[in-house]
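K.L.:
missing the sequence, but the structure's below:
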């Protein structure tokens, strides 16, 4: 019997309605964009005015999700950055110095005093022991600090290599550890850049590794490449150092184990601080823009448990001393420790504006870049080319759409009209799903939509041809329609499963344009199968119940 239960009819109609509700905002793209931008500003300010009034007049009860346009359609910024992975080698060696010094404490009676050499080559730690006769013992003590390389390519290798020449020991990373360090540095840089971009609410950026030490960054909708560079190009390395002294001499000799750092606000003032930091930005768990006791913009921060413990211990043991906060090799504040700070939190004050304190908080929350970036290529892509692509894609969709509508109507008559109505619903459902999941539409994605329009009627063609075959066996129209849908179902599912598997593989293994094409193709397959199996059948059943024809023509 040709029938569909009431609950199933309601469910089919509800799915179609939900798809159109989510697709609806795309018809008013500019207005909804203003709405979303206004809401973002409200949330950034922490205010709670009437949201629907502040958000460009868009009704609050309607969805405000849009199909994100990719860089090739919306315009934006394109950067190709090179990561200076060698910078990390020097930091690693600097971090090894306290461990080396502690390791030699046990043989101090043999080696005598230990002095670190500032003339060591970049990425190498060198130190001199007093007695050259103790060199074998010193080598053994330092080599005991070596750890296995955390890399599949360096199985069995150690992370440092130690050599002695006279009374001078040299420590540097092994080639295997350098490769592993390079990979970790690039991955860390990728994650931090992604966090910084996500912090400002930019949707669907493309951030991926290229080659050995380069990163491709494409962010749709951002104003310019310079704006993007200002956001991600700052290293934002925050460290906390004990202050040895102040000076106005930019050529002052800081002495062994110390560095000379310029003041951020007063460029004629310099600080001599200990080279090894007490704490770094890696120990931060949160940073927020705030105001100090004078009502001036500042940045408050909070350490993790281990950082809070070190911070509390140091401030307890050094009350009265100066403690410098260094950001990207500039002292932004160097207050005196007046009392122990055991709560694990603090505040950075300086000559901040509200905007600069907010940006610094974003950078600190996202974390410091592990190494400096050099931008090899930068482009600001305007939306003009994207608009041309959108227009060309729209024309292609309309032409394909009209051609399919005419073909189906001429080939299958009234049943072809039902298939055409389902095709209209299919396109609406596609945009509804794209909007609901926040997918990005690219130029290849438009090609996927055009392809889906042509493929969407395949299932209907299979069903209608099967109904024709059943009608030739002298069965009644009701039975022929029922058998047509039942016997064509397996062919429809098999054909679309293989195509969907291909789209899935393209999405998982591809990148950029390939993934954009795979997204629209995969969604189009799901919606076209739904409309072919359920929606067109619902149209046919409703028409058949109303007309009760004795014969039908397909």
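P.N.:
All right, it came through fine. Please read all numbers here as calculations on a predicted model, not as lab measurements.
K.L.:
Tell me the secondary structure at residue 65.
P.N.:
coil (DSSP: H, G, I helix; E, B strand; the rest coil).
K.L.:
Just want the phi and psi numbers for the residue lying closest to residue 335 once chain neighbours are set aside.
P.N.:
In space, residue 335 comes closest to residue 323 once its chain neighbours are excluded; the distance is 6.6 Å by Cβ to Cβ, 6 or more residues apart in numbering. No exception for glycine: its C-beta is placed from N, CA and C like everyone else's. As for residue 323, its main-chain torsions (degrees, to the nearest 10) stand at phi -130, psi 110.
K.L.:
for residue 323, what are its contacts?
P.N.:
Contact partners of residue 323, counting by Cβ atoms under 8 Å, 6 or more residues apart in numbering, are 240-243, 278, 314-315, 334-337.
K.L.:
Look up which residues are beta-bridged to it.
P.N.:
residue 242 (DSSP bridges).
K.L.:
What's the per-residue pLDDT of it here?
P.N.:
pLDDT for residue 323: 86.
K.L.:
Could you confirm residue 135 falls within a strand?
P.N.:
No - applying three-state DSSP, one finds residue 135 to be helix, outside a strand.
K.L.:
ok, what's across the strand from the closest residue to it other than its chain neighbours?
P.N.:
Among residues not flanking residue 135 along the chain, residue 164 sits closest, at 4.8 Å (Cβ to Cβ, 6+ apart). For residue 164, the beta-bridge assignment (DSSP bridges) gives partners residue 169.
K.L.:
so residue 164 touches residue 137, yeah?
P.N.:
No - in this structure residue 164 lies outside contact range of residue 137 using Cβ atoms under 8 Å: 10.6 Å.
K.L.:
for the nearest residue to residue 354 once chain neighbours are set aside, what are its contacts?
P.N.:
Excluding the flanking residues, the one nearest residue 354 by Cβ to Cβ, 6+ apart is residue 297, at 5.1 Å. Residue 297 makes contact with 289-291, 352-354, 356-357, according to Cβ under 8 Å, 6+ apart.
K.L.:
next one: residue 82
P.N.:
213-214, 373-376.
K.L.:
Okay, and the nearest residue to it once chain neighbours are set aside sits in which element?
P.N.:
Using Cβ to Cβ, 6+ apart and skipping the chain neighbours, the partner closest in space to residue 82 is residue 374 (4.6 Å). Assigned by DSSP states H and E, residue 374 belongs to strand 373-381.
K.L.:
so how many other residues sit close to residue 197?
P.N.:
20 (other Cβ atoms under 10 Å).
K.L.:
That one contacts residue 215, doesn't it?
P.N.:
No - applying Cβ under 8 Å as the test, residue 197 and residue 215 come out as separate, 11.8 Å apart.
K.L.:
Overlap of the contact sets of these two?
P.N.:
Common contacts of residue 197 and residue 215 (Cβ under 8 Å, 6+ apart): residue 207.
K.L.:
Mind listing the residues bridging to the nearest residue to residue 346 once chain neighbours are set aside?
P.N.:
Excluding its sequence neighbours, the residue lying closest to residue 346 (Cβ to Cβ, 6+ apart) is residue 301, at 5.8 Å. Listed beta-bridge partners, residue 301: residue 287, residue 346 (assigned using DSSP bridges).
K.L.:
that older thread, from the contacts of residue 297, which land in strands?
P.N.:
Counting by DSSP state E, these place 289-291 in strands.
K.L.:
Top of these by number of neighbours, please.
P.N.:
In those, the most neighbours by other Cβ under 10 Å go to residue 289, 18 neighbours.
K.L.:
show me the contacts for that residue.
P.N.:
297-299, 354, 357-358, 360-361.
K.L.:
Take the residues you listed and lay them out in JSON lines including pLDDT and distance to residue 253.
P.N.:
Formatted as JSON lines, the contacts of residue 289 follow (pLDDT from 0 to 100; distance: Cβ to Cβ, whole Å):
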{"residue": "297", "pLDDT": "82", "distance to residue 253": "36"}
{"residue": "298", "pLDDT": "80", "distance to residue 253": "34"}
{"residue": "299", "pLDDT": "80", "distance to residue 253": "33"}
{"residue": "354", "pLDDT": "75", "distance to residue 253": "40"}
{"residue": "357", "pLDDT": "76", "distance to residue 253": "35"}
{"residue": "358", "pLDDT": "74", "distance to residue 253": "39"}
{"residue": "360", "pLDDT": "70", "distance to residue 253": "32"}
{"residue": "361", "pLDDT": "74", "distance to residue 253": "36"}
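K.L.:
Pull out the buried residues from these.
P.N.:
297-299, 357-358, 360-361 (16 or more other Cβ atoms under 10 Å).
K.L.:
Those into a markdown table, with extra columns for distance to residue 117 and secondary structure?
P.N.:
Formatted as a markdown table, the buried ones among the contacts of residue 289 follow (distance: Cβ to Cβ, whole Å; DSSP: H, G, I helix; E, B strand; the rest coil):
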| residue | distance to residue 117 | secondary structure |
| --- | --- | --- |
| 297 | 43 | strand |
| 298 | 40 | strand |
| 299 | 37 | strand |
| 357 | 40 | helix |
| 358 | 43 | helix |
| 360 | 35 | helix |
| 361 | 39 | helix |
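K.L.:
Could you single out the nearest of these to residue 418?
P.N.:
Nearest to residue 418 among the buried ones among the contacts of residue 289, counting by Cβ to Cβ, is residue 358 at 56.1 Å.
K.L.:
Tell me who's in contact with the residue nearest to residue 82.
P.N.:
Per Cβ under 8 Å, 6+ apart, neighbours of residue 374: 81-82, 84.
K.L.:
Would you reformat these as CSV and include pLDDT, secondary structure and distance to residue 262?
P.N.:
CSV is the format used below for these (pLDDT from 0 to 100; DSSP: H, G, I helix; E, B strand; the rest coil; distance: Cβ to Cβ, whole Å):
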residue, pLDDT, secondary structure, distance to residue 262
81, 88, strand, 26
82, 89, strand, 26
84, 86, coil, 21
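K.L.:
Between those residues, which sits nearest residue 523?
P.N.:
Proximity of the contacts of residue 374 to residue 523 (Cβ to Cβ) peaks at residue 81, which lies at 32.6 Å.
K.L.:
Now do the closest one against residue 425, distance only.
P.N.:
45 Å (Cβ to Cβ, to the nearest Å).
K.L.:
Residue 126 too?
P.N.:
73 Å.
K.L.:
ok, the two, which is more surrounded?
P.N.:
Neighbour totals were compared for residue 126 and residue 425, and residue 425 leads with 22 against 19 (other Cβ under 10 Å).
K.L.:
What's the first helix or strand after the strand or helix carrying that one?
P.N.:
Assigned by DSSP H and E, residue 425 falls within helix 383-436. Once helix 383-436 ends, the next helix or strand along the chain (criterion: DSSP H and E) is strand 440-441.
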